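S.K.: All I have is the shape, not the residue letters:
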């Protein structure tokens, strides 16, 4: 069965499992002050579009697009189950979140990722994201990479 991507609520068993895996992965790579993970209640806010990827109805990936008041949005909680890597789940999630950002006429999508995640950095670069300075409430951090893609 093909991978499906849909807007779904984040507070469901399969997603919570992925978020726990994502937390453990980030905590294994970075100190607490360099982890900028948002919790489930943040993902349930009205300004958030939360995407769930499924393979044969099993949750295998997720990501959130969090809109800011300035006409931009930030990618948060992008994570794919390591057992399903190679199925292009992350690419399908990127396409879905960029499509909704374009539909909402956002000017740019931004993100923060860690320097020890070459697969994530390669994915974002493949989609045209370029390095920028720290944005929003982020402080410069030698373990963080900030990126942006302008839309329209």
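M.R.: Here it is on my side, so go on. Values in this document were obtained by computation on a predicted structure and should not be read as measured data. Residues are numbered from 1 along each chain as shown.
S.K.: residue contacts, residue 23?
M.R.: Residue 23 makes contacts with residue 37, as judged by CB atoms under 8 Å, 6 or more residues apart in numbering. (Each C-beta comes from the backbone N, C-alpha and C, glycine too.)
S.K.: Residue 79 versus that one, what's the distance?
M.R.: For residue 23, the distance to residue 79 equals 9 Å [CB to CB, to the nearest Å].
S.K.: again with residue 71
M.R.: From residue 71 to residue 79 the distance is 26 Å (CB to CB).
S.K.: Over to residue 137?
M.R.: With the distance defined as CB to CB, residue 137 ends up 22 Å from residue 79.
S.K.: So which of these two has more stuff around it?
M.R.: More neighbours surround residue 79 than the other of residue 137 and residue 79, with 22 against 6 (other CB atoms under 10 Å).
S.K.: ok, what's across the strand from that one?
M.R.: With DSSP bridges as the criterion, the beta-bridge partners of residue 79 are residue 62.
S.K.: can you pull the pLDDT of it?
M.R.: If you check residue 79, the pLDDT there is 97.
S.K.: Starting from the helix of greatest length in the chain, tell me the next helix or strand along the chain.
M.R.: Longest helix in the chain by number of residues, with DSSP state H as the criterion: helix 13-29. Using DSSP states H and E, the helix or strand that directly follows helix 13-29 along the chain is helix 40-43.
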